[in-house]
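1. no letters, just coordinates:
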């Protein structure tokens, strides 16, 4: 299996950062990519999908589509995600950047020597690293809950260069200390380009849609759009990290065996 994951932020340090993506078997991704590519090529054709680009007037002018055409294309791609039976489930993990920094400062978790020794000095350096490990854990535990066992899942993230490299080093170091229930399911993690890799474009759609809703949680249209893209029940694995959740985690991690705690089923 492969989980394709993208991140979406608000462009400032006070908003909610989202990591989101979809999980499917390799052969399912191949079929999905064909359907997505066909929609990209449907008139008016676009070279790739990225939510930020579709909303950018200069980019639309460059490729020759109008705002209305871009919105229609986005809706069609969203409908493709909603109707697809090829995707096993979606995964979304998010945290307020402001709350994350406040908890890290207030609790001293980031500077705690025992935690740094057990989990690596970069583990809580950024919200990106925190969510990187959070969404990996969400995917693995969801697969176990669905009793999809016996296969490994690889993770492909949108390119973030050094941020990705730091987070991936930690994941590799922690692999042998994962709970036994999910250890053998974890494959490799890599980064790639969403302009050329179709499943990452789907992840971009989901991450941006989640970010839009979290910015306006009372907006019913945005909520419906997110639920259509993410699915519900067994098709969805979402974890919203509240400040209370962060503080509870920080308190727990100050106790013995921090690695076992942070890599447990955080959905509980």
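-> That came through fine. Quick caveat, the model's predicted, so the values are computed rather than measured.
2. can you give me the strands for the stretch 101-250 of the chain?
-> 153-158, 186-192, 236-241 (DSSP state E, counting those that start in this stretch).
3. among these, which is the most enclosed?
-> strand 153-158 (a mean of 22; mean count of other CB atoms under 10 Å). C-beta: built from backbone N, CA, C; applies to glycine.
4. packing partners of that strand?
-> Judged by 3 or more CB pairs under 8 Å, 6 or more residues apart in numbering; DSSP states H and E, strand 153-158 is in contact with strand 2-8, helix 127-145, strand 186-192, helix 198-215.
5. please convert those to JSON lines, extending it with mean pLDDT and distance to residue 92.
-> Below are the helices and strands packed on strand 153-158 laid out as JSON lines (pLDDT from 0 to 100; distance: least, CB to CB, whole Å):
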{"stretch": "strand 2-8", "mean pLDDT": "96", "distance to residue 92": "10"}
{"stretch": "helix 127-145", "mean pLDDT": "93", "distance to residue 92": "8"}
{"stretch": "strand 186-192", "mean pLDDT": "95", "distance to residue 92": "18"}
{"stretch": "helix 198-215", "mean pLDDT": "96", "distance to residue 92": "5"}
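6. let me know which of the ones you listed is the nearest to residue 98.
-> helix 127-145 (9.8 Å; CB to CB).
7. report the angle between the closest one and strand 2-8.
-> Relative orientation of helix 127-145 versus strand 2-8 (axes from the mean of the first three to the mean of the last three CA atoms, to 10 degrees): 150 degrees.
8. re earlier: what's the closest of the helices and strands packed on strand 153-158 to residue 39?
-> Closest among the helices and strands packed on strand 153-158, using CB to CB: helix 198-215, at 10.1 Å.
9. what strand or helix carries residue 76?
-> Applying DSSP states H and E as the criterion places residue 76 in helix 67-83.
10. run me through the strand neighbours of the following helix or strand past that helix, direction for each.
-> Sequence order places strand 89-96 as the next helix or strand after helix 67-83, per DSSP H and E. When pairing is defined by DSSP bridges, strand 89-96 lines up against strand 16-24 (antiparallel), strand 236-241 (parallel).
11. just want the angle from the last one to helix 198-215.
-> This means strand 236-241. Interaxial angle, strand 236-241 versus helix 198-215 (the same axes, to 10 degrees): 50 degrees.
12. can I get the strands of the stretch 101-250 of the chain in CSV with distance to residue 61?
-> Conversion of the strands of the stretch 101-250 of the chain to CSV gives the following (distance: least, CB to CB, whole Å):
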stretch, distance to residue 61
strand 153-158, 25
strand 186-192, 28
strand 236-241, 36
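13. before we move on, the earlier item: just the helices and strands packed on strand 153-158: most buried one?
-> strand 2-8 (a mean of 26).
14. that strand packs against which elements?
-> strand 16-24, helix 26-41, helix 127-145, strand 153-158, helix 198-215.
15. is it possible to get JSON lines of those that adds distance to residue 105?
-> Listed next are these as JSON lines, based on distance: least, CB to CB, whole Å:
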{"stretch": "strand 16-24", "distance to residue 105": "17"}
{"stretch": "helix 26-41", "distance to residue 105": "41"}
{"stretch": "helix 127-145", "distance to residue 105": "13"}
{"stretch": "strand 153-158", "distance to residue 105": "27"}
{"stretch": "helix 198-215", "distance to residue 105": "23"}
